[in-house]
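Q: For reference, the sequence and a predicted model appear below.
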Amino acid sequence: MRAATYRVPRAAGDAEDGECAVFFFGAGQGGDVDSNIKRWIAQFELEGGKPADKAAKIGKETVNGLPVTRIDVSGTYLASAGPMAPRGAVRKPGFRLLGAIVEAPGGNVFFKFTGPARTVAQAQPQFEALVRSVKR
């Protein structure tokens, strides 16, 4: 379930705002870390339609005693057009995704920040602060 959504104001020159969403489904829900990372990577492609899996940066760390898996991927974002949309994904070139999955005792917490690359870069410090604010 989407616990929160933040509109991130666009950087100068970007056509649209970014979005930071936080999801929490409860213990054992929402899928495992690797499946979610793979799904997020699959939402991007590189020039020429190449998959973004080789370009994605994935890392692991511990934040306040909790395991966190991070992802950073850029390219053309294949944004969902919504469940009632007549066609598939909306292609958004020049986008970036910063993600973090916190393995918390009561269930994983998913942080997903997408937007134009400049907008994401500009707000990256705030995203990092949000992820680092998790506590047991």
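A: That came through fine.
Q: count of neighbours near the closest residue to residue 105 other than its chain neighbours?
A: Using Cβ to Cβ, 6 or more residues apart in numbering and skipping residues adjacent in sequence, the residue nearest residue 105 is residue 136, 6.9 Å away. In this view, the C-beta of every residue, glycine as well, is placed from N, C-alpha and C. Neighbour count of residue 136, defined by other Cβ atoms under 10 Å: 8.
Q: ok, residue 136 - contacts?
A: By Cβ atoms under 8 Å, 6 or more residues apart in numbering, the contact set of residue 136 is 64, 65, 66, 104, 105.
Q: The third one touches residue 102, doesn't it?
A: Yes: applying Cβ atoms under 8 Å as the test, residue 66 and residue 102 come out as touching, 5.4 Å apart.
Q: Spit out the residues that contact these two alike.
A: residue 134.
Q: Bridged to the residue nearest to the spatial centre of the chain, which residues?
A: Geometric centre of the chain, nearest residue: residue 112, 2.8 Å, by Cα atoms, centre = their mean. Using DSSP bridges, the beta-bridge partners of residue 112 come out as residue 21, residue 99.
Q: Can you give me the separation between it and residue 28?
A: To residue 28, residue 112 is 20 Å away according to Cβ to Cβ, to the nearest Å.
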